[in-house]
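S.K.: can't give you the sequence, but here's the structure:
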C-alpha cells in the first residue's frame, strides 16, 4: 500500500487529518466531538478500530476537542511534545500513562513502515508543530496554524508529493470584517495565520517536480471563501510560472466534509 490520506476536517471549527500506510493508520488531531470524528472517518470508509496512533499538533480546542474521547474509546497512544502535553492537561480528560508518548519538535520518529518528521511553527500555542509523512520515497506535508512561513519550514516540506497548506484569510475581508481589532491583529501577526496571498508566495518556493496536489486548508469561515482562496493562490502561482491544473492540482478542504482518500503514487 502506498501513502494514503484524507483531510477529514479543516477550519476554525475543527481540524483532523488521516494518513495511512499498510501498517500504520494515523489520526493527526481530533478537533471535533467523538461522534463527529466517527462520522468523518465513516464517510471515507475508515473503521476507527483500525487506527494505530493519535498525533497532536497543538492544544487549541479546534485540534483536540475529541482527542481524549477517541484515545479512550479506541485505546490509542497519543503523541505530543512535552509543552503541548502540559497545555492539554485538564482539557482532554483522563489519559492512562501507557497511552502517553512524547514526540518532540524537529524530530523524526519511525512508526513501522512510516517515518514522521515534526517541525515547529509560529503560532500562539505552547509549542505548536506540524508534520511531514514519508513512505517508500513519497512525502506528504501538513502545514497549518502558522503566522509566517520560515525558511526552515520551506526546506522541510519542499517538493512534497502532496501538501496540505494553510490559506486562512483574505486580508481585505479580514480588515473590513466584524472581528475586534485585537483579534484581527492576532490573525495578521507573526503567530497568527497565513493569508491567501502569503500561502501562494510560500508555495511558489515549496512546489517541486514531485508536487502533484495541494489542499488549501484552515480557511476562515468569516474572512475567506473557497473560490477566493483558490483564485488568489492560483493567480500567484501562475504569475510565477506554475501550471495549475496541468501538473499541480489545487483542492479544497471543508470543516464538515472529508476529502476523498487520496493515494500518493
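M.R.: Perfect, thanks for sending it. Keep in mind that this is a model prediction, so the values were computed, not measured.
S.K.: what's near enough to touch residue 17?
M.R.: 5-8, 10, 27-29, 142, 164 (CB atoms under 8 Å, 6 or more residues apart in numbering). Where you see a C-beta, it was placed from the backbone N, CA and C, and this is true even at glycine.
S.K.: same question, residue 25
M.R.: 18, 46, 50-53.
S.K.: what's across from it in the sheet?
M.R.: residue 20 (DSSP bridges).
S.K.: so how far is residue 50 from it?
M.R.: Distance, residue 25 to residue 50, using CB to CB, to the nearest Å: 5 Å.
S.K.: and for residue 15?
M.R.: 21 Å.
S.K.: give me the nearest residue to residue 82, chain neighbours excluded.
M.R.: Distances taken as CB to CB, 6 or more residues apart in numbering place residue 102 nearest to residue 82, at 6.1 Å, with adjacent residues excluded.
S.K.: for the one you found, what are phi and psi?
M.R.: Main-chain torsions, residue 102, degrees, to the nearest 10: phi -100, psi 130.
S.K.: I'd like the numbering to begin with 8 instead of 1 from here.
M.R.: Okay, using 8 as the starting number, the last item reads as residue 109.
S.K.: from the contacts of residue 24, pick the one nearest residue 86.
M.R.: Nearest to residue 86 among the contacts of residue 24 is residue 35, at 9.5 Å by CB to CB.
S.K.: correct me if wrong: residue 19 contacts residue 67.
M.R.: No: the criterion here is CB atoms under 8 Å, and residue 19 misses it with residue 67 at 9.5 Å.
S.K.: helix, strand or coil for residue 64?
M.R.: The three-state label given to residue 64 by DSSP: H, G, I helix; E, B strand; the rest coil is coil.
S.K.: gap between residue 105 and residue 85?
M.R.: 11 Å.
S.K.: hang on, residue 223 is in a strand, isn't it?
M.R.: Yes: with three-state DSSP as the criterion, residue 223 is assigned to a strand.
S.K.: nearest spatial neighbour of it, skipping sequence neighbours?
M.R.: residue 174 (4.2 Å).
S.K.: returning to that earlier point: which of residue 22 and residue 57 has more residues huddled nearby?
M.R.: residue 22 (28 against 10; other CB atoms under 10 Å).
S.K.: give me the phi and psi for the residue of the chain most remote from its centre.
M.R.: Distance from the C-alpha centroid of the chain, by CA atoms, centre = their mean, peaks at residue 183 (27.1 Å). Dihedral pair for residue 183: phi -90, psi -10, per degrees, to the nearest 10.
S.K.: mean confidence score for stretch 223-231?
M.R.: For stretch 223-231, the mean pLDDT works out to 97.
S.K.: and that stretch, how far out from the chain's middle?
M.R.: Computed by CA atoms, centre = their mean, to the nearest Å, the chain-centroid distance of stretch 223-231 equals 13 Å.
S.K.: quick check: buried residues in that stretch?
M.R.: 223-227, 230-231 (16 or more other CB atoms under 10 Å).
S.K.: likewise for stretch 36-54?
M.R.: Residues of stretch 36-54 classed as buried: 36-39, 41, 43-45, 47-48, 51, 53 (neighbour count, 16+ other CB under 10 Å).
S.K.: how about stretch 68-84?
M.R.: 69-79, 81, 83.
S.K.: got these as a markdown table, with pLDDT and secondary structure columns?
M.R.: Listed next are the buried residues of stretch 68-84 as a markdown table, based on pLDDT from 0 to 100; DSSP: H, G, I helix; E, B strand; the rest coil:
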| residue | pLDDT | secondary structure |
| --- | --- | --- |
| 69 | 97 | helix |
| 70 | 98 | helix |
| 71 | 98 | helix |
| 72 | 98 | coil |
| 73 | 98 | coil |
| 74 | 98 | helix |
| 75 | 98 | helix |
| 76 | 98 | helix |
| 77 | 98 | helix |
| 78 | 98 | helix |
| 79 | 98 | helix |
| 81 | 98 | coil |
| 83 | 98 | coil |
